[in-house]
Structures are given as C-alpha cells and as structure tokens.
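Asks: Predicted model and sequence below, questions to follow.
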Amino acid sequence: MLALMGFLTIAIFLYLILSKRVSVIAALILVPVVFGLFTTDIKSLGTMILDGVTGVAPTGIMLAFAILFFGLMSKAGLFDPVISRILKLVKGDPLKIVIGTAIIGMVTHLDGSGASTFLITIPALLPLYERLGMSRLVLAGVVTLSAGTMNIVPWGGPTARAASALGIDAAALFNPLIPAMIAGLIWVLFVSYILGKRERKRLGIQDFQYDFNQELSEADAKARRPKLLWLNLLLTIVTIIALVKVWLPLPVIFMVAFAIALVLNYPNPKEQQERITEQATGMVAVVSIIFAAGIFTGVLSGTGMIEAMAKTLVDFIPESTGSFMSLIVAITSMPLSLVFTPDAYYFGVLPVLSETASAYGVDPVNIGRAAILGQMTTGFPLSPLTASTFLLIGLARVELADHQRFIFIWAFGTTIVMALIAFITGAIAI
C-alpha cells in the first residue's frame, strides 16, 4: 500500500509539472500533503513536513547567499579583466576565439546561474562572432559545455537539489568529484580546440580588434569597481578555498563572504539594497523550490513511501545489475535532462534510485554524485525543460533542434569522461 501511494505521489507530481498544470513549488507542497493524509494523521504529517524543511534549510541558505555573492562579484566587475584580456589575445583567430569563449563561460558560471552566464557571455561575444562570420552554433555550443560542466559546483542548482533530496551535505557530494570536474573542463577545452580549428580552416585568421568594455551599458559601467578588483579576487579565492576545505559550514561561508563583499564594494546603504534587489528575483525563486522540496522529501521519507518503493523496485531489478547502479545513473543522467526537469528528477526519481541502490550495498552518496555528472549539469543548456536554454538560444539566435544536434554528442562525451574519472578516483563506486 505504501509503495503504491509513493508511486502515485511521484507520478502525479511529474504529471503536474511536466504538463505545466501547476507551478513546481505548488506541486512539491500540495501533492505530498494530500497523499500523506492517506498514510498518517495530520499531527504526524506536520512533524514530517517540519523535519523535511529543517533538513534542507542549510542548503537553501547556502544557495541564497551564493547567488547574492557571485551576482555581486559579477556586478562589481570581477570577471571583466578576464573577459577583456581574452578578447584582446584572441584577436581575429577563430581557434583562439572559441577556446577563449570556453574559458569565459567557465569563469562567468562561477555563480552557478545559467541565466547570468548567458546574459554575460552571449551579448559580449556575439558581435565578435558575427563580424568574423563565425558560426553562432559554435558560440552557443561552447558556452553550453562550459556552463554545464561548471554547474556541478555545490551552489549550483543540481548539486543543491541532490543534497536536499538525499539529506547529504553538498560538500560531501561535490568535493570527491573535483578531479572528475577538472577532467570535464579539460575535455571542454579539447572540444573547443576541435571546433575552433574547424572555424579557422573555414574562415582563416583575420586582422581584427574587439573592445569588451564598449559593450557595457551605462548602468553596468557605473556599478563596476575596478579599483577593488584585487581585493574582490582575493576574497573570492579565500571563499572558494574555504568552501572546498570546509573551514566552516557552507552557508556560513557564503553569508560572511557576501556581507564583506557588500560593504567593501558598496558602502552606501542605498546601493547595498539596490544590489540585493537586483539578485532577489532569481534567488527567491530558487530558494523557494528548495524549501518546498523539503516538504516533498520529508513526507515521502517520514511515511516510509520511499523505502517501500525501493523494496518494490528491488524485486524487479536483477541483482547483477543492481551493483552497477552508480554507473548506470551516471551514464543516463545527461540524456535524461531532456526528459525530466531538475525538480522532477532530483526530488521524484533520485530518492527512489538511491534507496533502491542501498538494497544492493551501494552508498546513496554514490548515486547522488553519479546523477550530478549529467542531470541538468552538462544537460541543462540543451534541455527544453529549462527556461535558461531558451534564453541561450534566443540570445545566440539559433534554433533549439540545431543547437541540440550540434552539441549533444560533445555534452554527452563530457559526462562520460567525468564518469570515468569519478569511477577511477572512487568518487562513484560499485
């Protein structure tokens, strides 16, 4: 009975969000509450909900202040010298331009936001591509690879969702994957070299100069703090080291770093409020989903639905296959980005996969790491289920089908490379 209720909960949740009948937040809250009332009394249900929300609170706080911190750094111009310098170095060589595009995409996606990455990189680089006659598909595709691979960072959406769904610290998911992520970024540079070489062969090298600063709006230029560049860089480096070394809990690190950055760059209280307001819309939307997901996972776990569903799946999965679930999840994670939204996969599918894997002696953390190697990381800028994908193709002026055909195999290759390194280093195991 519990297993049936669990599968119905997930099925209706997936139906509602994939058919866009209701918002993700409403589905995450209402569906488990309704089905939870059939399995327990209202007082116990309230306790489960509170436990679930309490469990995801650190992740929600971390995500909120990570968005604020990196958004502030971007507004203050931390990434401008890198972008400007790369554009000066590449000149009119398509090969260098494509590699430079990859590096710029990696740097600008440090904030873990696809929308901000695309809004920074595409408008800045598109005029250069068009003046040289370079393919816009190459621009969109390379930015896709860079942003997708970088999206594994703990403050990115997929890792935060996986941590919330499994009740695992984000650092525990991410840190062992650092070698795999580095391998993925090297692969992205290799792919960029191949694509750039093709463009160089097609177009040749032209004598051309491009000034990034001329592309900034008046408001963006006014918000820049070039004199504080080195202090901002030092603060960002220390913050990232603190995150990797876990000197303090991740939410605390971002809260302190953001407060320092805000006072350092914008001493005026009015300016401080303006900077916070700029990031508020995106931040509130993401954090609200995390807390709503706490209700979903809290009810499914507290009522025993997840455990019951896992036991049912164990009866159908051959034992010889069960021990390889980490690799199976890793390999399928990227293609499934085209089928499941991040919320549907991480909050509806992943907990069941994790509990099922546990029956075969596979640690749930391995399933979580395997999932974030592709599910809405390398896969998110190709998925028709994410709004940022349409922002990307809209800014680059390319068709979704053309974009998917052009870059899918390279994005899937990124996941395979990272899965291989993760397996070799023991980040995911069988």
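Replies: Received, thanks.

Asks: Could you use CA atoms for every contact and neighbour count after this?
Replies: Noted.

Asks: C-terminal to the helix or strand of the chain with the lowest mean pLDDT, what's the next element?
Replies: Across the helices and strands of the chain, the lowest-confidence element by mean pLDDT, DSSP states H and E is helix 319-322, at a mean of 64. Using DSSP states H and E, the helix or strand that follows helix 319-322 towards the C-terminus is helix 325-333.

Asks: Mind giving me the packing neighbours of that next one?
Replies: Counting contacts by 3 or more CA pairs under 8 Å, 6 or more residues apart in numbering; DSSP states H and E, helix 325-333 packs against helix 364-371, helix 400-425.

Asks: Out of these, which is closest to P123?
Replies: Smallest distance to P123 across these (CA to CA): 17.4 Å, for helix 400-425.

Asks: for the closest one, packing partners?
Replies: Helix 400-425 is packed against helix 136-150, helix 178-203, helix 325-333, helix 387-396, with contacts defined by 3+ CA pairs under 8 Å, 6+ apart.

Asks: and the helix or strand harbouring I17, what's its mean pLDDT?
Replies: Using DSSP H and E, I17 maps to helix 2-18. Per-region confidence: helix 2-18 scores 78 on mean pLDDT.

Asks: residues of it that come out buried?
Replies: Neighbour-count burial for helix 2-18, counted by 16 or more other CA atoms under 10 Å, picks out L2, A3, M5, G6, F7, T9, I10, F13, L14, L16, I17, L18.

Asks: Might you report the residue contacts of the fifth one?
Replies: When contacts are counted by CA atoms under 8 Å, 6 or more residues apart in numbering, F7 is found next to M309.

Asks: Backbone dihedrals for Y346, please?
Replies: Taking degrees, to the nearest 10, you get phi -70, psi -30 for the backbone angles of Y346.

Asks: contacting residues for it?
Replies: Contact analysis of Y346 by CA under 8 Å, 6+ apart lists P158, R161, A162, A165.

Asks: CA-only coordinates of the strand or helix carrying the third one, as PDB, when you get a sec.
Replies: With elements delineated by DSSP H and E, A162 resides in helix 157-166, which encompasses its position. Only the C-alpha atoms of helix 157-166 are listed here, as PDB (Å, rounded to 0.1, in the frame of the first residue of the first chain):
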ATOM      1  CA  GLY A 157      21.000  24.000  -8.700                       C
ATOM      2  CA  PRO A 158      21.600  20.300  -9.400                       C
ATOM      3  CA  THR A 159      24.000  19.700  -6.500                       C
ATOM      4  CA  ALA A 160      21.900  21.700  -4.100                       C
ATOM      5  CA  ARG A 161      18.800  19.700  -5.200                       C
ATOM      6  CA  ALA A 162      20.600  16.300  -4.900                       C
ATOM      7  CA  ALA A 163      21.900  17.300  -1.400                       C
ATOM      8  CA  SER A 164      18.400  18.300  -0.300                       C
ATOM      9  CA  ALA A 165      16.700  15.200  -1.800                       C
ATOM     10  CA  LEU A 166      19.200  12.800  -0.200                       C
END
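
Asks: Report the mean per-residue pLDDT for it.
Replies: For helix 157-166, mean pLDDT is 86.

Asks: helices or strands next to that helix in the packing?
Replies: Helices and strands touching helix 157-166, by 3+ CA pairs under 8 Å, 6+ apart, are helix 42-76, helix 170-174, helix 269-302, helix 342-343, helix 350-359, helix 364-371.

Asks: pretty sure V98 contacts L195?
Replies: Yes. If you go by CA atoms under 8 Å, V98 and L195 touch, sitting 7.3 Å apart.

Asks: Could you tell me which residues touch both of these two?
Replies: Contacts common to V98 and L195, judged by CA under 8 Å, 6+ apart, are V138.

Asks: Just want to know which of those two has more residues nearby.
Replies: Legend: neighbour count by other CA atoms under 10 Å for V98 and L195, higher for V98 (28 against 19).
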